[in-house]
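Asker: what follows is a predicted protein model with its sequence.
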Amino acid sequence: MSEESFDAIIVGAGLAGCVAAYVLAKEGADVLVIERGNFAGSKNMTGGRLYAHSLEKIIPGFAKEAPIERKVTKEKVTFLTDDTGVTLDYHNGREQNSTQESYTLLRGDFDQWLMGKAEEVGAQFITGIRVEEILTQDGKVIGVKADGDELTAKSVILAEGVNPILGEQLGMVKRVKGDVMAVGAKELIELPQEVIQDRFNVSKDEGCAWLFAGSPANGLMGGGFIYTNKNSVSLGIVCGLHDIGSSSKTVPQMLEDFKNHAMIKPLIEGGKLLEYSGHVVPEAGINMVPKLVDDGVLIAGDAAGFCLNLGYTVRGMDLAIASGEAAAKAVLAAREKNDFSAEGLSSYQTLLEDSFIMKDLKLYKDLPAFMETPRIFNQYPKMVADIMQSMFTVDGTPSQPIRKTLMKHCKEVGYMNLIKDGIKGVTSI
Amino acid sequence: MSEIVNVDVKLGVNKFHVDEGHPHVILKDNPDMNEYRKLVNACPAGLYKLEDDSSIRFDSAGCLECGTCKFLCGETILEKWEYPRGTFGIEYRYG
Ligand SMILES: Cc1cc2nc3c(=O)[nH]c(=O)nc-3n(C[C@H](O)[C@H](O)[C@H](O)COP(=O)(O)OP(=O)(O)OC[C@H]3O[C@@H](n4cnc5c(N)ncnc54)[C@H](O)[C@@H]3O)c2cc1C
Ligand code: SF4
């Protein structure tokens, strides 16, 4: 057994783990981060858009020094069928304060930078070590076991991501069924900076976040996304797993067909594949939040289910950052009282309840069930496309009043369904 | 219709440190085919293959460690699912 005993050992150098380490070390706590990959971020992927607010509060002005790609100023949402696309296009030229900004980023660069910040203020970091087991004594967590070595700590923060094997081992996290998960697959496609600026109509440092509902996920819950980086675009799909067995397409095929859609293809023409990545996305929202604190241990980030999958977009990074901060603050409070029991660490729960994390998770608590309505991902995009086609097609047949055209297309989905989904949708958001 | 995807080409662009002889995902013998088909569809790396003669072929090299197969079929047809040992497996350069 090692002599040394840390205030906290953090498992995982994702955003949750790096931030927890930074906040703890900055206050002089003795902290060690253990990461199984060869550098922070080497195992991590994301769609690519970070809402800045939570990190901005911890490292004000971070975007000036962090390796971010572009500031998002253009938002697009497209309803896609196999052969049509209807797009809402929003350009935001308004002044925003720094907590309202959002940025595109790549985790390989970003996580390394963030871990570097934590090391600067004194956090210790080891890579290439997979934590195999959490050590307990009389039901209390006392450290970790990795590569045959045992390391003790007054507390352990599990920031191990969406697949919380260690949290399961401790019995804190109940394995959720695959059907409340989604899978994401992404390609990083290199394109010259000027080409990106032209094709996406953005200026030098500004970028575009573009979401696609409808055919990308083959009628299953999910959608597609494109985020512009400096010299590349992140293009991917997210697909709910609950009906994947009966899908007529595989996930890689969905991504390929999305890329080859007549609307997308010209955007990435001539681009070169730099990387292909995949990752599970937690989807059950508040329904899957595990036991968050126990004697000597806390769970943060994706491992705690802190992720909002709103169907066409996923938001987890700002939650991972804020929960890492909350976990660190709880450990600092426990250190003050020298009480690392569940009771001593319980401010974590309160901090979370008072933050946007629990509030947003509660606000969207009915959304996962609503998203299971397949109409949203197949019939509605088709309905919108049909309406557009009727409006824009002139072929000499006598025109119909617009109201009549609208009604006709709504009827195809069914008025009752529209009303039902409308009410369900409005009450779940 | 668009082209059939070749996932292996995409995986070929990635950086992997394969832990030879230590597969981190192991399939049970004679897995239930309904469960297996879910993974054929869901695995983003296309590692659960169905051959033309409907035999199955799975190899965990090329795994993106995404967790999908564990969540979908962990109890049913997987003998083992763990992360590769430290330093091994996928190394995302961009993420
Ligand atoms: C396709 C896709 C698109 C997304 N798009 C967005 C988006 O645009 N915006 C957004 O905000 N969120 C998005 N998300 C969600 C976001 O990526 C996650 O919520 C976020 O990465 C969670 O961070 P984390 O720190 O909790 O976990 P992770 O980033 O997963 O980090 C976990 C770390 O723990 C390490 N680890 C795990 N087990 C061990 C062990 N036993 N020993 C040592 N180390 C271990 C891992 O190697 C990893 O480094 C997306 C997710 C996906 C899959
Ligand atoms: S973890 Fe993901 S990439 Fe690896 S085999 Fe399972 S589904 Fe495929």
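Answerer: Done, it's in. Residues are numbered from 1 along each chain as shown, chains lettered A, B, ... in the order given. Ligands and ions are numbered 1, 2, ... in the order given.
Asker: phi and psi next, for residue A:256.
Answerer: Main-chain torsions, residue A:256, degrees, to the nearest 10: phi -60, psi -40.
Asker: neighbours around it, how many?
Answerer: As a burial measure, residue A:256 scores 21 neighbours (other C-beta atoms under 10 Å in any protein chain shown). Heads up, the C-betas are built off the backbone N, CA and C, glycines and all.
Asker: got it, and residue A:266?
Answerer: By other C-beta under 10 Å, 9 other residues sit near residue A:266.
Asker: wait, a helix at it?
Answerer: Yes - using DSSP: H, G, I helix; E, B strand; the rest coil, the secondary structure at residue A:266 is a helix.
Asker: chain neighbours aside, what residue packs nearest to it?
Answerer: Residue nearest to residue A:266 in three dimensions, not counting chain neighbours: residue A:199, with 7.5 Å by C-beta to C-beta, 6 or more residues apart in numbering or on different chains.
Asker: next one: residue A:315
Answerer: In space, residue A:315 is closest to residue A:308, 4.5 Å off (C-beta to C-beta, 6+ apart).
Asker: which SSE is the nearest residue to residue A:135 once chain neighbours are set aside in?
Answerer: Distances taken as C-beta to C-beta, 6+ apart place residue A:143 nearest to residue A:135, at 4.4 Å, with adjacent residues excluded. Assessed by DSSP states H and E, residue A:143 sits inside strand A:140-146.
Asker: within the helices and strands, which one has residue 90?
Answerer: Looking at chain A here, since you left the chain open. strand A:85-91.
Asker: my question was about chain B
Answerer: Of the helices and strands defined by DSSP H and E, residue B:90 is found in strand B:89-91.
Asker: could you see whether chain A lies near that strand?
Answerer: Yes - remark: strand B:89-91 sits within contact range of chain A at B:89, B:90, B:91, by C-beta under 8 Å from any C-beta of the partner chain.
Asker: ok, that strand: who's next to it in the sheet?
Answerer: Note on strand B:89-91: by DSSP bridges, its sheet partners are strand B:15-17 (antiparallel).
Asker: buried stuff in the strand it pairs with?
Answerer: Within strand B:15-17, the residues that count as buried by 16 or more other C-beta atoms under 10 Å in any protein chain shown are residue B:16.
Asker: check which element follows that strand along the chain.
Answerer: Per DSSP H and E, strand B:15-17 leads on to strand B:25-27 as the next helix or strand towards the C-terminus.
Asker: if we can go back for a sec, okay, now the sheet partners of the strand holding residue A:90, with direction.
Answerer: Strand pairing for strand A:85-91, determined by DSSP bridges: strand A:70-80 (antiparallel).
Asker: can you give me the buried ones in the partner strand?
Answerer: By neighbour count on 16+ other C-beta under 10 Å, the buried set for strand A:70-80 is A:70, A:71, A:72, A:73, A:74, A:76, A:77, A:78, A:79, A:80.
Asker: and it, average pLDDT?
Answerer: Confidence for strand A:70-80, expressed as mean pLDDT, is 93.
Asker: repeat that for stretch A:156-174.
Answerer: 96.
Asker: same deal with stretch A:324-340?
Answerer: On average, stretch A:324-340 scores 98.
Asker: and that stretch, which residues are buried?
Answerer: Across stretch A:324-340, burial judged by 16+ other C-beta under 10 Å covers A:324-335, A:340.
Asker: list just the nearest of those to residue A:281.
Answerer: residue A:324 (18.6 Å; C-beta to C-beta).
Asker: the closest one contacts residue A:33, correct?
Answerer: No - using C-beta atoms under 8 Å, residue A:324 makes no contact with residue A:33, being 10.8 Å away.
Asker: need the overlap of contacts for the two.
Answerer: Taking C-beta atoms under 8 Å, 6 or more residues apart in numbering or on different chains as the criterion, residue A:324 and residue A:33 both touch A:17, A:18.
Asker: by proximity to ligand 1, which residue of chain B wins?
Answerer: Of all residues in chain B, residue B:83 sits closest to ligand 1, at 5.9 Å by C-beta to the nearest ligand atom.
Asker: so how far is ligand 2 from that residue?
Answerer: Going from residue B:83 to ligand 2 by C-beta to the nearest ligand atom, to the nearest Å gives 10 Å.
Asker: try residue A:280
Answerer: Using C-beta to the nearest ligand atom, we find residue A:280 at a distance of 8 Å from ligand 2.
Asker: got a list of what that residue touches?
Answerer: Residue A:280 is in contact with A:162, A:163, A:181, A:182, A:183, A:184, B:66, B:67, B:68, B:71, counting by C-beta under 8 Å, 6+ apart.
Asker: beta partners of the fifth one?
Answerer: Going back to what we said before, that points to residue A:183. Bridge pairing for residue A:183 (DSSP bridges) gives the partners residue A:239, residue A:280.
Asker: does it really touch residue A:254, like I thought?
Answerer: No - counting by C-beta under 8 Å, residue A:183 does not reach residue A:254; the two are 10.0 Å apart.
Asker: okay, those two: which has more neighbours?
Answerer: Taking neighbours as other C-beta under 10 Å, residue A:183 and residue A:254 compare with residue A:183 leading, 31 against 26.
Asker: leaving out sequence neighbours, find the closest residue to residue A:218.
Answerer: In space, residue A:218 is closest to residue A:249, 4.7 Å off (C-beta to C-beta, 6+ apart).
Asker: could you do residue A:172 as well?
Answerer: Spatial nearest neighbour of residue A:172, excluding adjacent residues (C-beta to C-beta, 6+ apart): residue A:291 at 4.4 Å.
Asker: which SS class is the one you found?
Answerer: coil.
Asker: contacting residues around it?
Answerer: By C-beta under 8 Å, 6+ apart, residue A:291 lies in contact with A:172, A:173, A:299.
Asker: now do the spatially most central residue of chain B against ligand 2, distance only.
Answerer: Central residue of chain B (C-alpha atoms, centre = their mean): residue B:47, 3.8 Å from the mean position. From residue B:47 across to ligand 2, the span is 5 Å (C-beta to the nearest ligand atom).
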